[in-house]
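Undergrad: what's the 3D shape of this:
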Amino acid sequence: RWSPLAIPEDTPLTFLQGIATVAKTGNECTKEGLAIHTYVCNKSMIDTCFSDSDGDLLIVPQIGNLLITTEFGKIELEPNE
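TA: Predicted coordinates for the structure are as follows:
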């Protein structure tokens with residue numbers, strides 16, 4: 001298990017600004033493989049949108065709550081849910 005990334009107190013980060021790749025395998029050209037990312041965020045993504053058309057995402061909050069608005073509605077997540 002990885003420890004959560006440190007949340008910067010002086011720099012606001014959205015999900016997109018705070019995402020970092022930890023590992024990847026496969027080949028993008030053959031569209032096979034996977035990537036593992038971790039993220040830190042402490043700022044809402046108001047008026048910002050993220051779209052992932054490459055595959056499935058599993059987003060797991062470790063600290064604090066996360067409210068995600070999707071094309072299917074809103075999802076509110078808490079750690080250990």
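Undergrad: next one: Thr30 from Ile75, what distance?
TA: According to Cβ to Cβ, to the nearest Å, Thr30 and Ile75 sit 31 Å apart. The C-beta positions use only the backbone N, C-alpha and C, and glycine is treated the same way.
Undergrad: more neighbours: the two, which one.
TA: Shown here are Thr30 and Ile75; by other Cβ atoms under 10 Å, Ile75 has more neighbours (12 against 7).
Undergrad: go ahead and confirm that one touches Leu57.
TA: No. Applying Cβ atoms under 8 Å, one finds Ile75 not in contact with Leu57, separated by 11.6 Å.
Undergrad: any idea how many residues pack against Leu66?
TA: So Leu66, with other Cβ under 10 Å, has 18 neighbours.
Undergrad: which residue is the nearest non-sequential neighbour of it?
TA: Leu77 (4.5 Å; Cβ to Cβ, 6 or more residues apart in numbering).
Undergrad: so that neighbour versus Ile63, what's the distance?
TA: Following Cβ to Cβ, the distance that separates Leu77 from Ile63 is 12 Å.
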